[in-house]
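Participant: Fold the following for me, if possible:
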Amino acid sequence: MLHRLTIRDFVLVDRLDLEFDLGFGALTGETGAGKSILVDALAFTLGERVDSGVVRSGCERAEVSAEFDLSPPVADWLVANDFDVGESLLLRRLIDAGGRSRGYINGSPATLQQLREVGESLVDIHGQHAHQSLLRAEAQRALVDAHGGLDGLRAEVAAAHRAWRAAVTARQTALENAEALIAERERLDWQVRELERLGFAADEWEALNHEHRRLAHATGLIDGVRGALALIADDDSGEGATRQIDRASERIDALVEVDPALAEIAGLLRSAQAELADASSQLRRYADRIDLDPQRLAEIERRIEATLDCARKYRVAPEELPALLVGGRARLAEIGDAADLAALDARVAAGQAHYQELADRLSAARRETAERLASAVSRVMQQLALGGGRFEIALLPIAAGSANGNEQVEFRIAGLAGGEARSLAKVASGGELSRISLAIQVIASQAAQVPTLVFDEVDVGIGGGVAEVVGRLLRELGDGRQVLCVTHLPQVAARAGWQWRVVKERCEDGIRSRLVQLDADGRVEEIARMLGGVEITAITRQHAREMLGD
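Facilitator: Numbers count the residues shown, from 1 in each chain. Here you go, the predicted structure:
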């Protein structure tokens, strides 16, 4: 359930801290006082899209936070989405005057989609214009599927329908582009065979160029290495670098006995001797290994030229030739599949069969749900001054099927304007539509697992004895969960277990709304106001006490 709602600078509210109870609660007040602001603020924390207009005039930002009980499914969702799991769930959302919005779940940043996902299992808001949406076929189908818990199965049907249609499109494309595919296959086949004959590996280009440079400059390399050896190693004159370092080392070694300070220098000279000896050894091995190989050089040059020719032909860098071969083979495989009409026919048939199997399951489940929902709504309609009216849900077949299944859902009413069941949009008046909508919402809410239900002036167009029935129905809903109703009807408010009043007042910085939690006497006054209008008399107060059961 919802425990706390904190609102800061939201529309007409400057500061509001609310604590909620279980059961059925009513929110009342004068028209225009801002009763629906509370609902809007709650919807804001649950990810509802808004603009900067919700920021109170003259303020930098609006902020709303809501604290809920933590149920096991919500705790699992938090873990799966890497949010902290505490003793409760805290949703917080801000929007600044520039329209930038931020959301938080248990103190960690969250996206609007994440706020919506977790909110779906916390609160179900029924807006005052819900009856208008019931005229749309899509809304009717969504309500039936949600009531029957069929959303998962419908998603499977939609996925199967997409796969089936994709197979149909692939087959049609193959038929329309047969000649083009044949030409492309011949071109690619020739290209792949040429690249396979070349046999060019991904790392070969760098190795070829390295070997070519070495072979092309072999003479210079040999001359340079031998010249370096002549300068380092001993020659006939004894003037090589090695011999000169040896003599220098001998002299310094002799002087170390006179001045030990020369010992470090003597060590450096011995190190130089060792490094020169190592350099000489490696140069000799290099000179012995390198040789002139005109035949190998010619082979390398032919290989490089063949590679460059092929790269120029296909307008790619030489290093990209192996990837071109891989892509050509893959495309040939695709074309082969696309040109195989028998295989494409089989895919279409399999896709259609899979879709039909799932769609048939969905149709059967919808029929069972439609019968159950229609019967329950019809019973409630009798209590809402719609006696003789019968609610029906027709499943109209769609010949070719759709992503939503094999049928379209249509709400129908019988008994209000003749015996024949006709579409809801064609039969019900505005007031009747409001009551039918309320009946549907009450039944849908009874089946839902959401712990908190919010009804925002869903009783518009209802009065008298019907209003008392509405209050009783909402009170019954509140026996098992938390119900909050924004209402202008005293008959509904009187049935609530607790009641708040919204008051709009003028202050120094403009107009603001504040909320008053009503005690027993306050409820009598508020119900009397709702009954009697401007002037409250002893009679209206007595009537209010009777309605409240005092």
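
Participant: Show me what whichever helix in the chain runs longest is packed against.
Facilitator: When the chain is parsed with DSSP state H, its longest helix is helix 341-383. On a contact count with 3 or more C-beta pairs under 8 Å, 6 or more residues apart in numbering; DSSP states H and E, helix 341-383 meets helix 137-147, helix 151-176, helix 321-339, strand 390-402, strand 405-414, helix 430-447, helix 464-478. For every residue, glycine as well, the C-beta is placed using N, CA and C.

Participant: Looking at the ones you listed, which is nearest to Asn209?
Facilitator: helix 321-339 (14.5 Å; C-beta to C-beta).

Participant: by how many degrees do the longest helix of the chain and helix 151-176 diverge?
Facilitator: 150 degrees (axes from the mean of the first three to the mean of the last three C-alpha atoms, to 10 degrees).

Participant: so how far is helix 341-383 from its chain's centroid?
Facilitator: Relative to its chain's centre, helix 341-383 lies at 27 Å (C-alpha atoms, centre = their mean, to the nearest Å).

Participant: quick one: average confidence on that helix?
Facilitator: On average, the pLDDT along helix 341-383 is 91.

Participant: Just the angle for it relative to strand 390-402, thanks.
Facilitator: Going by the same axes, to 10 degrees, helix 341-383 makes 170 degrees with strand 390-402.

Participant: Please spell out which residues along stretch 5-20 are buried.
Facilitator: The neighbour-count check on stretch 5-20 (16 or more other C-beta atoms under 10 Å) flags 5-14, 16, 18, 20 as buried.

Participant: would CSV of those residues with distance to Val503 be doable?
Facilitator: Listed next are the buried residues of stretch 5-20 as CSV, based on distance: C-beta to C-beta, whole Å:
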residue, distance to Val503
Leu5, 17
Thr6, 19
Ile7, 15
Arg8, 18
Asp9, 18
Phe10, 16
Val11, 15
Leu12, 11
Val13, 11
Asp14, 13
Leu16, 12
Leu18, 14
Phe20, 19
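
Participant: Tell me which of these fall in strands.
Facilitator: 5-10, 13-14, 16, 18 (DSSP state E).

Participant: Lowest mean pLDDT among the helices and strands of the chain, which one is it?
Facilitator: Least confident element among the helices and strands of the chain, by mean pLDDT, DSSP states H and E: helix 130-133 (a mean of 60).

Participant: and the gap between Pro451 and Trp500?
Facilitator: According to C-beta to C-beta, to the nearest Å, Pro451 stands 20 Å off from Trp500.

Participant: Could you check which of these two has the larger neighbour count?
Facilitator: Trp500 (22 against 19; other C-beta atoms under 10 Å).

Participant: continuing past the helix or strand encompassing that one, what's the next helix or strand?
Facilitator: Assessed by DSSP states H and E, Trp500 sits inside strand 498-507. Downstream of strand 498-507, the next assigned helix or strand under DSSP H and E is strand 510-517.

Participant: what angle separates the helix or strand following that next one from strand 510-517?
Facilitator: For strand 510-517, the following helix or strand on the C-terminal side (DSSP H and E) is helix 520-532. Put simply, helix 520-532 runs at 120 degrees to strand 510-517, going by the same axes, to 10 degrees.

Participant: orientation of helix 520-532 relative to strand 498-507 in degrees?
Facilitator: 80 degrees.

Participant: Right, I'll leave it there.
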